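[1] got a predicted structure plus its sequence, pasted below:
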Amino acid sequence: MIREIVQLGDPVLRKKCEQVTSFDNELNVLLDDMKETLLAAEGAGLAAPQVGVSKRVVAVNVEEGYFEFVNPLFVWQKGEQTGEEGCLSVRGKWGTVTRPDKVKIVYQDRKGDKYSLVARGFFARAVCHELDHLDGVLYVDRAKNLREENE
Ligand code: CO
């Protein structure tokens, strides 16, 4: 089911999200709905707080594939890249954000199994953007030259 994407100003976007401890049907439904919502919105990533759920769950949709990360944590971050970023919760705006160029994370899947993953380039940018959401941080906090889509 496609869920409504909450917009900047909604307090849920500023809350620190809770760790997932139950790998149950509710989590499955959340992840399925996030996938449907993200693909319909044609975005690169979606975090659970963006659909009003304050849990440490994100989805990333990039060239490398579609990924679901539960309780993700950075192991390390390397290098630097500067590029354009937007957010489905900040419609019509873009900004320039500097991020690490390469990151390693550990995470769980929807069954609770543990994995690690290295992402680079745009994939790393998307991972950083989505993990920020879990701590109530939005790219607009980090962006230089925040601007409207048509400027
Ligand atoms: Co976002």
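    Looks like it came in fine.
[2] dig out what Glu68 forms beta bridges with.
    Here Glu68 shows beta-bridge partners Ala59, assigned using DSSP bridges.
[3] and the lowest-mean-pLDDT helix or strand in the chain, which strands flank it?
    The helix or strand of the chain with the lowest confidence, counting by mean pLDDT, DSSP states H and E, is strand 144-148 at a mean of 91. With DSSP bridges as the test, strand 144-148 is paired with strand 90-99 (antiparallel).
[4] hmm, back to that, ok, residues contacting the least confident helix or strand of the chain?
    Under the criterion Cβ atoms under 8 Å, 6 or more residues apart in numbering, residues Gly92, Lys93, Trp94, Gly95, Thr96, Val97, Val140 lie in contact with strand 144-148. Yep, even glycine has a C-beta here, placed from its N, CA and C like the rest.
[5] quick one: which of those is most hemmed in?
    Val97 (23 neighbours; other Cβ atoms under 10 Å).
[6] mean confidence for stretch 117-130?
    Stretch 117-130 carries an average pLDDT of 98.
[7] please begin residue numbering at 318 from this point
    Sounds good: first residue 318 from here, last item stretch 434-447.
[8] what residues sit buried inside it?
    Buried residues in stretch 434-447, counted by 16 or more other Cβ atoms under 10 Å: Leu434, Ala436, Arg437, Phe440, Ala441, Arg442, Ala443, Val444, Cys445, His446, Glu447.
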